[in-house]
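Participant: Sequence and computational prediction follow.
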Amino acid sequence: ISLANILLDEGKDDDVLALCKQALNVDERNTQALQIVGEIYMGRLDFVQALGYIEKAAEVQSKNDRSRFNLAACLIGLKQYDRAEPVLDDVIQGSPKWPLAHFNLGLLYEEQGKLEEARAAYALEVETYPSEFKARFNLGKILFKLGDRAGSLEQMREIVRIAPKLAEGHLFLAR
């Protein structure tokens, strides 16, 4: 697992997968290996492949915020919102400032068409992590959809300030 973490930092995901799967052959309950494999597949947007690893990690360490957060994120990726929401709510209740928890809750609500709830979730993420441009970007898009042009403009200006190389911020600001 230590070697896998070093290779992960070097971007050698295929080698990391091989090492972690080898570790899982020795100990199928190795949560570090389970999480790393699941996270790599999630990074590739292969949520179907990730789910088994992520579920197993959450089962083995049911109180671990990282495991539960990853499970909720994977379920959102699979559009299994009814399963994701209680898991994410549980993470937020236990760790209200867990990075990207409110962002993922915003994604969940946005996908369900609950724009006011999405706005509130994104706003909480931005309040907790003011430099988190993904939550701010989505907040700006939601505000635009809700007719708050001034609020949307404010968020897009801040994105351009925070992440000047992010083309989307400039595009939506121009829009």
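Facilitator: Right, received. Where do you want to start?
Participant: got a list of what residue 13 touches?
Facilitator: The contact partners of residue 13, by CB atoms under 8 Å, 6 or more residues apart in numbering, come to 40, 43-44. The way it works is simple: take the backbone N, C-alpha and C, and place the C-beta from them, glycine included.
Participant: Nearest spatial neighbour of residue 34, chain-adjacent residues omitted?
Facilitator: Once its chain neighbours are removed from consideration, residue 34 has its nearest residue in residue 57; the separation is 3.8 Å (CB to CB, 6 or more residues apart in numbering).
Participant: Same question for the helix or strand harbouring that neighbour: list its buried residues.
Facilitator: Taking DSSP states H and E as the definition, residue 57 sits inside helix 47-60. Applying a neighbour-count criterion of 16 or more other CB atoms under 10 Å, one finds 47, 49-51, 53-58 buried in helix 47-60.
Participant: In this protein, what residue spans correspond to helices?
Facilitator: Assignment of helices within the chain using DSSP state H yields the ranges 2-9, 13-26, 31-43, 47-60, 65-77, 81-94, 101-111, 115-128, 133-145, 149-162, 167-174.
Participant: Next, format the ones you listed as JSON lines and append mean pLDDT.
Facilitator: Below are the helices of the chain laid out as JSON lines (pLDDT from 0 to 100):
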{"stretch": "helix 2-9", "mean pLDDT": "83"}
{"stretch": "helix 13-26", "mean pLDDT": "92"}
{"stretch": "helix 31-43", "mean pLDDT": "94"}
{"stretch": "helix 47-60", "mean pLDDT": "96"}
{"stretch": "helix 65-77", "mean pLDDT": "93"}
{"stretch": "helix 81-94", "mean pLDDT": "94"}
{"stretch": "helix 101-111", "mean pLDDT": "95"}
{"stretch": "helix 115-128", "mean pLDDT": "97"}
{"stretch": "helix 133-145", "mean pLDDT": "93"}
{"stretch": "helix 149-162", "mean pLDDT": "92"}
{"stretch": "helix 167-174", "mean pLDDT": "77"}
